[in-house]
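In: give the three-dimensional model of this entry:
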Amino acid sequence: MSAQQRKRPNGNRMITMKEVAERAGVSITTVSHVINKTRFVSDELARRVNRAIEELDYRPHQLAQSLRRGRTQTIAVLVSDIVNPFFPEVVRGAEDSAKEHGYSLILCNTDEDPQTESFYVSLMIDRRVDGFIIAPSMAAEGSLLSLIKKEIPLVVIDRPMEKLSIDQVYSDNIDGAYKATKYLLDLGHKRIGLIMELEGIRSFDDRRIGWERALKEHGLSAISELVQQAGLEIEGAAEAAKYLVEGPAQATAIFATNNLMTLGVLRYMKTHKVACPKDLSLVGFDDPEWAASFNPSITSVGQQSYEMGYKACDLLVSRMQERTSESRAVHLNCQLKIRESCAPPRAKTRMT
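Out: Below you'll find the predicted structure:
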């Protein structure tokens, strides 16, 4: 057969199963059985069908095939802030696990907005995804309950939802924050500022609990002037750092509770010529690759972000296959990675 004959007819038009059958000289039913392996077809007929499929460049409608099987082999992943470098690592872990199990991912970013989250949950249900992996927003309970009611498999990541009986994978945020704060206290710091994105988000609230616990063990009060909310922007974290250092708190060290908050503190130090760790010590939460590349390198609490995504997808696939009723929770340890961004406080701490 010539190259011209083997061209896909009518440009990019979708080839139908009927055309494959006509090219092979068989019935549409025979083509269907060859493609779906639903009934025995002689070797000769199968060869003719497969040759016609190749010549016409026929591609079965994957969604239609999946719906007939009751599965689309897709998983929806909803993250709360895709700009945060933590979440791409989580998604990478989930993607690797999904590939191993024959699934693909659809990624949705909710921007910490419950309405956007609810919209994507509804949209993904309409798309017939087989299950969800969700880093929930502050007001996610309604969306999660709708999935539970519909018996759609679900795994929550990053932010535990203890009131709901669902599979979950999250870090031990309290212990990680405790280790970070204790390290600064052991260096002699007593005015340790805390920068959070938002209150009411379980992971950040737990990091505040760990910070408070360490201060209390050292006989110090977790006064409100040492706590700043910065929102979702690096600029907000930079302003929060300025207030903590130059305002009433007179912080000598800052514990930044995620990557964006850490970048905001670094921006403040650069624009205001604050030397780290000579003038200000810094510990971040999350440990991206760039943390070790700064000068000085950044002391950070490392989460197992890739493992979180990988394990969440494993749990979800297991849930989809087994349909078990008992919920499972996986706690991932955090590790304090000590580098160069911390030192004992200077005798004179007031910035001018």
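
In: list the buried residues of stretch 264-284.
Out: Buried residues in stretch 264-284, defined by neighbour count with 16 or more other C-beta atoms under 10 Å: 264-269, 274, 276-277, 279-284. In short, each C-beta sits where N, CA and C put it, glycine included.

In: now do the helices in the stretch 151-300 of the chain.
Out: Shown for the stretch 151-300 of the chain, the helices assigned by DSSP state H, counting those that start in this stretch span residues 173-186, 202-217, 234-246, 259-271.

In: so this structure: which segments form each domain?
Out: When the chain is parsed with automatic domain parsing, its domains come out as 3-60, 72-172+305-332, 173-304.

In: please save the CA atoms from stretch 332-342 in CSV.
Out: The C-alpha coordinates for stretch 332-342 follow below in CSV (Å, rounded to 0.1, in the frame of the first residue of the first chain):
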residue,chain,number,x,y,z
LEU,A,332,4.8,11.6,58.0
ASN,A,333,7.7,12.7,60.2
CYS,A,334,9.5,16.1,59.7
GLN,A,335,13.2,16.6,59.9
LEU,A,336,15.0,19.8,61.0
LYS,A,337,17.9,20.5,58.5
ILE,A,338,20.4,22.8,60.2
ARG,A,339,22.3,25.0,57.9
GLU,A,340,23.8,28.6,58.1
SER,A,341,20.8,30.9,58.6
CYS,A,342,20.8,30.8,62.4
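
In: got the contact list for it?
Out: Residues external to stretch 332-342 that are found in contact with it (C-beta atoms under 8 Å, 6 or more residues apart in numbering): 169-173, 175-176, 179-180, 183-184, 187, 253, 276-277, 281-283, 287, 291-292, 294-304, 307-308, 311.

In: repeat that for stretch 270-283.
Out: The set of residues external to stretch 270-283 that reach it, using C-beta under 8 Å, 6+ apart, is 180-181, 183-184, 187, 189, 238, 242, 245, 251-256, 262, 265-266, 268-269, 296, 298-301, 336, 340-343, 345-346, 351.

In: if you set the cut-off to 7 Å instead, what comes out?
Out: Counting by C-beta atoms under 7 Å, 6 or more residues apart in numbering, the neighbours of stretch 270-283 from elsewhere in the structure are 180, 183-184, 187, 189, 242, 245, 252-256, 265, 268-269, 296, 298-300, 341-343, 346, 351.

In: one step back: among the contacts of stretch 332-342, which are in strands?
Out: Secondary structure defined by DSSP state E assigns 169-171, 253, 281-283, 299-302 of these to strands.

In: which single one of these is nearest to residue 72?
Out: Taking C-beta to C-beta as the measure, residue 169 is the one of those closest to residue 72, at 23.0 Å.

In: before we move on, the earlier item: ok, the buried residues of stretch 264-284 vs residue 54, which is closest?
Out: Distances from the buried residues of stretch 264-284 to residue 54 were compared by C-beta to C-beta; the smallest belongs to residue 284, at 54.4 Å.
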